[in-house]
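Asker: give me the fold of what follows.
(one chain, ligands or ions: 1)
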Amino acid sequence: MAGPVAKELDSDSLHEYCLQEFQSEQIATLLNTVSQSLVGIESKDISALSFLHSCKSGTGFQAVISDTKHGAQYLRVQQGTQTISKNIAKELKEGSLWLSTPFRSAFEKVVLESGKLEIPEPINALEYEWSKQEFFLGSPCPASPPRLMSAASGDALRKPFENVHFVGIETALEWKGYMEGAIRSGDRGTAEVIAALWY
Ligand SMILES: Cc1cc2nc3c(=O)[nH]c(=O)nc-3n(C[C@H](O)[C@H](O)[C@H](O)COP(=O)(O)OP(=O)(O)OC[C@H]3O[C@@H](n4cnc5c(N)ncnc54)[C@H](O)[C@@H]3O)c2cc1C
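Answerer: Presented below is the predicted three-dimensional model:
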């Protein structure tokens, strides 16, 4: 991520930034509470740039803490968010959705039907139980520690690697950390793949 003050904001944690900028333990404590509730981690674990970028991606601090119209907490799905995917699934042609199917066999079926691509053999497969990973802090929103976002590799998350394209909330530039951002990143990835396949 580039910008005139990006490197400076990314050099410290949000906690350090508050102490230096406002010289106030109270403001630092307040922002720690905001970081815990918004991003899900302590302000010492997120860079000031990453925190501010999350707020900006949600159209501003007021909007991300608000449950009024246009605020992040405005709408709730009464029956749970799975209702959305279940209803979208109902719109699809019968047989076009495979659930609980390993990615490779689903992909093979598509390729066999379209006869377009060869599937390379996987080099390796790794399986994790996230809840047992020591360094996963468990926040609901993506967050970067100091000096990651402004590094040369900071934008690498969104860059395709050969035929592999990356989507997901971590790659979103708008509403990063929210379902809105996840859907928008899916739109971007879909457009990339369509362009790569057909042009
Ligand atoms: C506790 C909590 C509360 C939240 N509250 C809200 C809210 O109120 N409003 C809001 O807008 N957003 C909220 N969010 C954020 C929102 O849920 C996420 O931003 C969104 O779900 C991200 O979508 P995604 O498609 O990027 O990733 P995910 O929804 O995480 O989907 C990724 C999928 O990939 C699967 N997967 C991972 N690795 C592999 C693999 N190797 N092979 C196969 N499959 C794999 C995972 O099982 C998962 O199903 C909340 C998140 C949490 C955790």
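Asker: what is the neighbour count of Leu31?
Answerer: Per other C-beta atoms under 10 Å, the neighbour tally for Leu31 reads 21. All C-beta spots, glycine's among them, are computed from the backbone N, C-alpha and C.
Asker: tell me how far it lies from Pro145.
Answerer: 16 Å (C-beta to C-beta, to the nearest Å).
Asker: low pLDDT regions in this protein?
Answerer: In the predicted model of the chain, residues 104-119 satisfy pLDDT under 70.
Asker: list phi and psi for Ser13.
Answerer: The phi/psi pair for Ser13 (degrees, to the nearest 10) reads phi -70, psi 160.
Asker: in the longest helix belonging to the chain, what counts as buried?
Answerer: If you go by DSSP state H, the chain has its longest helix at helix 179-198. Within helix 179-198, the residues scored as buried using 16 or more other C-beta atoms under 10 Å are Glu180, Gly181, Ala182, Arg184, Ser185, Arg188, Gly189.
Asker: ok, these vs Gly71, which is closest?
Answerer: The closest of the buried residues of helix 179-198 to Gly71 turns out to be Glu180 (C-beta to C-beta; 12.0 Å).
Asker: contact partners for that closest one?
Answerer: By C-beta atoms under 8 Å, 6 or more residues apart in numbering, the residues touching Glu180 are Glu174.
Asker: redo that, cut-off 10 Å
Answerer: Ser57, Gly58, Ala72, Ile169, Ala172, Glu174 (C-beta atoms under 10 Å, 6 or more residues apart in numbering).
Asker: just the ones in helices from those, please.
Answerer: Ser57.
Asker: now the contacts of Glu180: which count as buried?
Answerer: Buried among the contacts of Glu180 by 16+ other C-beta under 10 Å: Ser57, Gly58, Ala72, Ile169, Ala172.
Asker: if we check the ligand, which of these are in contact?
Answerer: Among the buried ones among the contacts of Glu180, the residues within reach of the ligand (C-beta under 6 Å from any ligand atom) are Ile169.
Asker: out of the buried ones among the contacts of Glu180, who's nearest the ligand?
Answerer: The ligand lies nearest to Ile169 out of the buried ones among the contacts of Glu180, by C-beta to the nearest ligand atom, at 3.6 Å.
Asker: my guess is Lys176 contacts Pro140. True?
Answerer: No - in this structure Lys176 lies outside contact range of Pro140 using C-beta atoms under 10 Å: 11.4 Å.
Asker: need the residues touching each of these two.
Answerer: Val39, Ile169.
Asker: the protein against the ligand: which residues are in contact?
Answerer: By C-beta under 6 Å from any ligand atom, the residues of the chain that approach the ligand are Phe103, Pro140, Gly168, Ile169, Gly177, Tyr178, Met179, Glu180, Ala182.
Asker: which one of those residues is nearest Lys86?
Answerer: Nearest to Lys86 among the residues of the chain next to the ligand is Met179, at 14.8 Å by C-beta to C-beta.
Asker: thinking again about what came up before, neighbour count winner among Lys176 and Pro140?
Answerer: Neighbours were counted for Lys176 and for Pro140 using other C-beta under 10 Å; Lys176 has more, 25 against 12.
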